[in-house]
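J.: 3D model of this:
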Amino acid sequence: AGGADAGGADAGGADASASSRSPREIPGDLPGDLARNLVGAALDVAARIASLPRAGVAGYKRVMTDGLAVTYGEGRAEERRRAFEQYRALPEKFFASMRRAAGLTPRARL
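T.: So this is what the prediction gives:
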């Protein structure tokens, strides 16, 4: 279908498997037993997100939707930027109690 042979290469030799895979199909190239556990893990994450207040669910949805439009590296950079934005909104005493409990010294500047 779509000009791809059974190995996933199209008539020009390019690998079409990534673009032709159904969104519900679990990739066969995942390491270890991740593929077997992927659906269960995804459902666990979805249940945790669904249990959040409406604003939390909306935030996760926004992040996931935005992440689909960029590369992995860009997504990681944006994830870090948004996390630091959220951290800046928290009171310093929140982090002070965390540092004391964990015995940590922060390295990153907010």
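J.: Helix or strand: which one has residue 101?
T.: helix 92-102 (DSSP states H and E).
J.: Repeat that for residue 79.
T.: Here residue 79 is assigned to helix 72-88, by DSSP H and E.
J.: other SSEs contacting that helix?
T.: helix 54-67 (3 or more CB pairs under 8 Å, 6 or more residues apart in numbering; DSSP states H and E). Backbone N, C-alpha and C define where each C-beta goes, glycine included.
J.: Give me the contact list for the helix it packs on.
T.: 49, 50, 52, 75, 78, 79, 82 (CB atoms under 8 Å, 6 or more residues apart in numbering).
J.: Farthest-apart pair in the residues you listed, please.
T.: 50 and 78 (23.3 Å; CB to CB).
J.: Compare these two (neighbour count), which wins?
T.: More crowded of residue 50 and residue 78, by other CB atoms under 10 Å: residue 78, with 14 against 10.
J.: Let me see the contact set for that one.
T.: 66, 67, 70.
J.: From those residues, list the buried ones, please.
T.: Buried residues within the contacts of residue 78, defined by neighbour count using 16 or more other CB atoms under 10 Å: none.
J.: Check these for the minimum pLDDT and say which it is.
T.: When the contacts of residue 78 are compared on pLDDT, residue 67 comes out lowest, with 82.
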